[in-house]
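Student: Model the structure of this input:
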Amino acid sequence: MNLFIKNAEVFIDGTFVKSNITVKDGRISSVSGASLNTEQYPEIDAKGKKVVPGFIDIHTHGADNIDVNHATAEDYCKLGKFFASRGTTSYQASIVTDTEENTLRCIEQIKKAMEMDPCGANLIGIHMEGPFLGPDYKGSMPGHLLKNADLELFRRYYDASGGKITYITIAPEIEGSLDLIREAVKTGVVVCIGHSGADYETAIESISNGAAAVTHIFNAMRPLHHHNPGIVGAALESDVYCEAICDGRHLHPATVRLLIKTKGLGRVVAVTDSIMATGLPDGEYILGVNKVRVTNGDARLVSDGTRAGSTLTADTALKNLIKFTGRTLGEIIPLLTVNPARLMRIDDRKGSIETGKDADLVILDDNLDVETTIVGGRIVYGRDKQQ
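Tutor: Numbering: from 1, shown residues only. Model prediction:
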């Protein structure tokens, strides 16, 4: 698709610059204050608006009444449209711990969806959140389905996905975890550690063997203690990326500030961990095999009240981060864009506004509300004209 976006404040190299963007064949062909629409492409006048890279959500279980563990390939069209309306242009579908039979079904449906023409946000990969997790910090995961590290099972899942498993959460302390981490890294899967009671030394060893991130830092893991720093201490001290759910429930604003102060702006990745209730009223929903009740937007298991994902969206996460930290839009944007792109090793084509990269763009108004979302040069959401 071809487009010409003019008179915009464009986020380039950490700052906003008044520029025009030319999109040709779905990619950014030029970004310049002097560029003209010589090809007579369809125009968007973004005067007074900000253009930022599309948000990349690497950890979501669904939204808009769609649960990843129950979704069909066709459901991802609806899900992609919803995410696009909130500024997300790329996302990974996160499968929660389930039976082997249903996990394989989920993989097959996601694989089919990725082969279809995208509707809204691009589905870029599969996140396996389990079953190789620690029982003491399982969070909302079904404990009876958790397993020790199983190389053969991982290979069955990976082969079934045709290489579309891109991200996996593993608890470092479970039996066989190091072999599994090394195997996943060898296949090109990005490994994150979480749902874990690992001590500091075990967590550091997993990082030394290739783990590159920590799943929803501070949540579903052994807390930081001055005598035993645990997985949190290893995460804060090392160079791994840390996922952060910034809904005001999973992390206190002061914790968000501390995380950013400790890790730096370049090593924090904002995720939603959203569930099917996202965008919908309070009520009862599901997350994998579990029933969930949402009250005042807070999702918890019906069985024991454990928090179960979130109802957060990427645009709200952006606003929350600015509110919680007092930092500027320019400082926070990378947490939703280039940081996840770098972690997932797709920053050669996504995560920033540069010539040659995919034209995945979001136009924000003065209130930082999403006005227009563009994926591959195609307008997939327009607030004033529903796409």
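
Student: Confirm Glu9 sits in a strand?
Tutor: Yes - assessed by DSSP: H, G, I helix; E, B strand; the rest coil, Glu9 belongs to a strand.

Student: Surely it touches Phe16?
Tutor: Yes - between Glu9 and Phe16 there is a contact at 4.4 Å, judged by CB atoms under 8 Å. For glycine as for every other residue, the C-beta is placed from the backbone atoms N, C-alpha and C.

Student: list residues touching both of these two?
Tutor: The contact sets of Glu9 and Phe16 overlap at Lys50 (CB atoms under 8 Å, 6 or more residues apart in numbering).

Student: the helices in the stretch 201-350 of the chain, which residues?
Tutor: With DSSP state H, counting those that start in this stretch, the ranges of helices along the stretch 201-350 of the chain come out as 230-237, 253-263, 314-325, 329-332, 338-343.

Student: Rebuild the ones you listed as JSON lines, extending it with distance to Ala359.
Tutor: Shown next, in JSON lines, are the helices of the stretch 201-350 of the chain (distance: least, CB to CB, whole Å):
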{"stretch": "helix 230-237", "distance to Ala359": "34"}
{"stretch": "helix 253-263", "distance to Ala359": "29"}
{"stretch": "helix 314-325", "distance to Ala359": "18"}
{"stretch": "helix 329-332", "distance to Ala359": "21"}
{"stretch": "helix 338-343", "distance to Ala359": "14"}
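
Student: Among these, which comes closest to Leu368?
Tutor: Comparison of the helices of the stretch 201-350 of the chain against Leu368 by CB to CB identifies helix 314-325 as nearest, at 5.7 Å.

Student: chain center to the closest one: distance?
Tutor: Averaging C-alpha positions (CA atoms, centre = their mean, to the nearest Å) puts helix 314-325 15 Å from its chain's average.

Student: do the same with stretch 145-155
Tutor: For stretch 145-155, the distance from its own C-alpha centre to the chain's C-alpha centre is 24 Å (CA atoms, centre = their mean).

Student: Any buried residues in it, and which?
Tutor: Residues of stretch 145-155 classed as buried by neighbour count (16 or more other CB atoms under 10 Å): Leu145, Leu146, Ala149, Asp150, Phe154.

Student: just so I know, which of the helices of the stretch 201-350 of the chain lies nearest Ala63?
Tutor: Among these, the nearest to Ala63 by CB to CB is helix 314-325 (10.4 Å).

Student: Who is Gly125 paired with across the strands?
Tutor: Beta-bridge pairing for Gly125 (DSSP bridges): Gln92.

Student: Flag the shaky bits of the stretch 251-387 of the chain, pLDDT-wise.
Tutor: Low-confidence segments of the stretch 251-387 of the chain (pLDDT under 70): 386-387.

Student: what does the stretch 1-150 of the chain give?
Tutor: Checking the stretch 1-150 of the chain against pLDDT under 70 turns up nothing.

Student: now the helices for it?
Tutor: 75-85, 100-115.

Student: from those, which stretch is densest packed?
Tutor: Among the helices of the stretch 1-150 of the chain, ranked by average contacts under mean count of other CB atoms under 10 Å, first place goes to helix 75-85 (a mean of 23).

Student: What helices and strands are in contact with it?
Tutor: Applying 3 or more CB pairs under 8 Å, 6 or more residues apart in numbering; DSSP states H and E, we find helix 75-85 packed against strand 62-63, strand 66-67, strand 88-96, helix 100-115, strand 122-129, strand 370-375, strand 378-382.

Student: please redo it, this time with the cut-off set to 6 Å
Tutor: strand 378-382 (3 or more CB pairs under 6 Å, 6 or more residues apart in numbering; DSSP states H and E).

Student: Now do the strand it packs on and strand 122-129, the angle between them.
Tutor: Put simply, strand 378-382 runs at 70 degrees to strand 122-129, going by axes from the mean of the first three to the mean of the last three CA atoms, to 10 degrees.

Student: Relative to strand 378-382, what are the paired strands and their orientations?
Tutor: Partners of strand 378-382 in its sheet, by DSSP bridges: strand 370-375 (antiparallel).

Student: In contact with Lys50, which residues?
Tutor: The contact partners of Lys50, taken as CB atoms under 6 Å, 6 or more residues apart in numbering, are Glu9, Leu364.

Student: next one: the one 5 residues further on
Tutor: Listed by CB under 6 Å, 6+ apart, the contact partners of Phe55 are Gly87, Thr88, Ala314, Leu336.

Student: Without its sequence neighbours, what residue ends up closest to the third one?
Tutor: Distance criterion CB to CB, 6 or more residues apart in numbering; nearest residue to Ala314, sequence neighbours excluded, is Phe55 at 4.1 Å.

Student: Could you give the bridge partners of that neighbour?
Tutor: Phe55 forms beta bridges with Thr88, as assigned by DSSP bridges.

Student: Next, work out how far apart it and Ser90 are.
Tutor: Separation of Phe55 from Ser90 (CB to CB, to the nearest Å): 8 Å.

Student: follow-up on the earlier one: present the buried residues of stretch 145-155 as a markdown table; the columns should include distance to Pro42.
Tutor: Below are those laid out as a markdown table (distance: CB to CB, whole Å):
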| residue | distance to Pro42 |
| --- | --- |
| Leu145 | 50 |
| Leu146 | 51 |
| Ala149 | 51 |
| Asp150 | 52 |
| Phe154 | 46 |
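
Student: Can you flag which of the residues you listed belong to strands?
Tutor: Using DSSP state E, no member of the buried residues of stretch 145-155 falls within strands.

Student: Could you give the number of residues near the closest residue to Gly54 other than its chain neighbours?
Tutor: Distances taken as CB to CB, 6+ apart place Thr89 nearest to Gly54, at 2.6 Å, with adjacent residues excluded. For Thr89, the count of nearby residues is 31 (other CB atoms under 10 Å).
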